[in-house]
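Asks: Generate a structure from the sequence data that follows.
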Amino acid sequence: MKIWKLAFAMLAAFSLASCSSEAEWADSEAHEKTVLLREQYTPLIAGTWHLEHVADRVRFFESLTFNSDGTLKGMRKWQIRSLVTIDGQERYTDWQEVDGENGTFAGTWQLSWSREAEYALGGNRMMLTASFDEARDWPSPVAYSLNARFISVDEAVLCIGGGIVRNGQDGTTTYSRGNAEP
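Replies: This next block holds a predicted model:
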């Protein structure tokens with residue numbers, strides 16, 4: 001019994017000795033840059049954005065609403081069609097939805113700064129995590145699990161490096177402010 005009391009007293013002493021009134025970050029520079037990034041850009045990002053991409057065989061629409069509390073809501077409509085030959089003439093089939101990729105979703109978003117050099121993850125980052133709202137006949141309910149390079153935002157355009165549809169000439173994804181209809 002005395003051993004347990006001694007062990008408990010030592011554990012309590014170590015716990016009290018290691019407590020500090022201020023949090024210590026493993027990477028204080030990354031923490032400071034993340035705080036500044038969020039203060040500067042969260043007010044500009046908060047709101048609704050959309051992306052439309054139409055090509056011969058692909059039609060994609062997405063709307064994302066970023067809330068200042070870090071929550072995210074969105075909807076996606078993705079369709080494809082084929083080019084077929086009928087009676088010697090090439091024609092497109094009707095648009096068909098891409099299985100498992102359409103519907104509404106909800107999740108979180110955040111900005112951060114990282115010094116990660118591996119896989120080019122350093123610098124300003126935008127992370128999106130979201131799951132589709134309704135049950136699906138698809139193996140995964142994931143709508144987003146994205147850690148993209150945050151490039152820029154202004155009143156009209158949000159630009160990230162990466163994303164589902166890269167509509168920028170340099171492989172970036174550009175969203176426009178507002179909510180358009182698919």
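
Asks: center of the protein, which residue is that?
Replies: Among the residues of the chain, the one closest to the centroid is residue 128, at 1.8 Å (C-alpha atoms, centre = their mean).

Asks: how about the nearest residue to residue 58 once chain neighbours are set aside, what does it touch?
Replies: Once flanking residues are discounted, residue 58 sits nearest to residue 80: 5.6 Å by C-beta to C-beta, 6 or more residues apart in numbering. Heads up, the C-betas are built off the backbone N, CA and C, glycines and all. Contact analysis of residue 80 by C-beta atoms under 8 Å, 6 or more residues apart in numbering lists 57-59, 95-96, 98.

Asks: hmm, try it at 10 Å
Replies: 55, 57-60, 93, 95-98, 101 (C-beta atoms under 10 Å, 6 or more residues apart in numbering).

Asks: burial measure for residue 84, as a count.
Replies: 10 (other C-beta atoms under 10 Å).

Asks: Next, it: phi, psi?
Replies: Dihedral pair for residue 84: phi -120, psi 160, per degrees, to the nearest 10.

Asks: which residues does it bridge with?
Replies: Residue 84 has the following beta-bridge partners by DSSP bridges: residue 91.
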